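S.K.: Sequence below, structure please.
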Amino acid sequence: MNKLLFLPLYVVVGGILSVAISGCGNNTKSKVADLRDSAKHETAPSKDTVVSAKFPPLPIDYDKTKVLRNMYVVDRNGVELRQGASDDAPLLGKYPYGTKLDIIGEEGEWIAIMDRIQRDYKGANGETGDITQWEKVYVAKSKLGKQDKITISPKDLNMIVSLRVKGKEKYDEKGHTLDQYLHLELIDEQTFLAARSSAKDYMIKDTLSYKKEGKILELPLTNGKTLTFTDKDIDNELESRYFYRGHYDFLNAFAVEGNYWESSDVRLFDRKDGHLIVECGDYPLFSIDKKYLLTLHADPYESTGDLQLFHVKQGKVSPLFFISFKEWMPTWKPELMFWGKDGCIYTAANHVNGYWGEEGSLSDRSQFIRIKLLEY
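M.R.: Below is the predicted model:
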């Protein structure tokens, strides 16, 4: 997620927009077409499937098989995939809630889809191993629906995959419940819009004050020196491009966006001597009382919503914690992410499997979340 209103070549995922999905050094560069199918596909097909004469495996030619449409798993318990259109057919695994499926046929109450299935292999000379092939498999029609049925539930809100506090990180790929630091709740749109009326953005966007000359961005410092950024316009890991986005009077800081080979960030530099104040994972959002700095980022590669919180005191910005949410991602629209005068954080968001629209573009649908800081 990034958060400025400038959209260069590819996507704005939650905030600052740039040619490499912007964020704070934790975003990977790619085109929209490469990202749109990045939603979780946690199928767990069985390797040792049961041999069945009645329901044999159904290999298909991927290149010659036509996808009729896409449907999504709308049952929160997921849906089983089977080797045939029957409850008696061998069970191959289970698709979780929100999974996007490629539909290739329909047989009564069963939907035929194509997927890659791994099976044991035994050769003519006795050699063994496994083989993965495209097959026609079946799921129950009643458990599928359109993407607009994929929503965030209250239980989803607190599921996280990682938490970093004071340099120590706890990671759990399967996810666990966050029970400290924050209280999250779903709210209605009317409540969200009422809170937005009090939102403030302290960045002064005087982007025309410091124009870039070719590949050189120069920002004059009050000590008489110059803060200089030089683009490296090359297509490898040394690539870098810099853009001046504005400044903060209360922090006496310049805001500079950097786009790199596989990441991007927004950094705040002191306007007096040029030292780095903080590196942000996305567009900086300061609380109304200016005591906290927040970034919210939608990571389309990990399919997580990343929240980064800092404490601001006497011109110094100190990290408090970094949290990656498992089931939801914040909006890519900067105007739908802010601090309210009540000290709460507000954002529009989507379930991770509803973040991309039907045609691969970013979804315009959203739910609304209020986040309250807890004492700790």
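S.K.: drop to CA atoms for contacts and neighbour counts, all remaining ones
M.R.: OK.
S.K.: quick one, strands of the stretch 51-200 of the chain?
M.R.: Along the stretch 51-200 of the chain, counting by DSSP state E, counting those that start in this stretch, strands occupy 69-73, 79-82, 91-95, 100-107, 110-122, 128-140, 144-145, 159-165, 168-177, 182-187.
S.K.: Which positions within the fifth one qualify as buried?
M.R.: If you call a residue buried by 16 or more other Cα atoms under 10 Å, then strand 110-122 has these buried ones: 110-119.
S.K.: got the contact list for it?
M.R.: 45-49, 85-86, 101-106, 128-141 (Cα atoms under 8 Å, 6 or more residues apart in numbering).
S.K.: same thing but 6 Å
M.R.: Contacts with strand 110-122, where a contact means Cα atoms under 6 Å, 6 or more residues apart in numbering, come from 47, 85, 102-106, 128-141.
S.K.: Next: the last one.
M.R.: Contact with strand 182-187 is made by 368-374, as judged by Cα under 6 Å, 6+ apart.
S.K.: Would you mind writing the ChimeraX command to select the buried ones in the residues you listed?
M.R.: To isolate the buried members of these in ChimeraX, using 16+ other Cα under 10 Å:
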select :368,369,370,371
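S.K.: For the residue lying farthest from the centre of the chain, give me its contacts.
M.R.: Residue farthest from the centre of the chain, counting by Cα atoms, centre = their mean, is N125 at 47.8 Å. Not one residue lies near N125 by Cα under 6 Å, 6+ apart.
S.K.: Can you check the pLDDT for it?
M.R.: pLDDT recorded at N125 is 82.
S.K.: ditto for E375
M.R.: The predicted local confidence for E375 is 84.
S.K.: and it, how many neighbours?
M.R.: Number of residues near E375 (other Cα atoms under 10 Å) recorded here: 7.
S.K.: Next one: the closest residue to it other than its chain neighbours relative to Q133, how far apart?
M.R.: Distances taken as Cα to Cα, 6 or more residues apart in numbering put Y181 closest to E375, at 6.8 Å, once the chain neighbours are dropped. Separation of Y181 from Q133 (Cα to Cα, to the nearest Å) stands at 46 Å.
S.K.: next one: E358
M.R.: 27 Å.
S.K.: And the lowest mean pLDDT element among the helices and strands of the chain?
M.R.: Lowest on mean pLDDT, DSSP states H and E among the helices and strands of the chain sits helix 32-35, with a mean of 41.
S.K.: buried stuff in stretch 191-209?
M.R.: Quick answer for stretch 191-209 (16+ other Cα under 10 Å): 192, 195-196, 199, 202-203.
S.K.: how many other residues sit next to the residue lying closest to L276 once chain neighbours are set aside?
M.R.: What sits nearest to L276 in space, not counting adjacent residues and going by Cα to Cα, 6+ apart, is F269, at 4.6 Å. By other Cα under 10 Å, the residues close to F269 number 24.
S.K.: measure F269 to R245 for me?
M.R.: 12 Å.
S.K.: what's the answer for V256, then?
M.R.: V256 is 6 Å from R245, by Cα to Cα.
S.K.: Hmm, V352 is touching W328, no?
M.R.: Yes: at 4.8 Å, V352 and W328 qualify as touching, with contact defined as Cα atoms under 6 Å.
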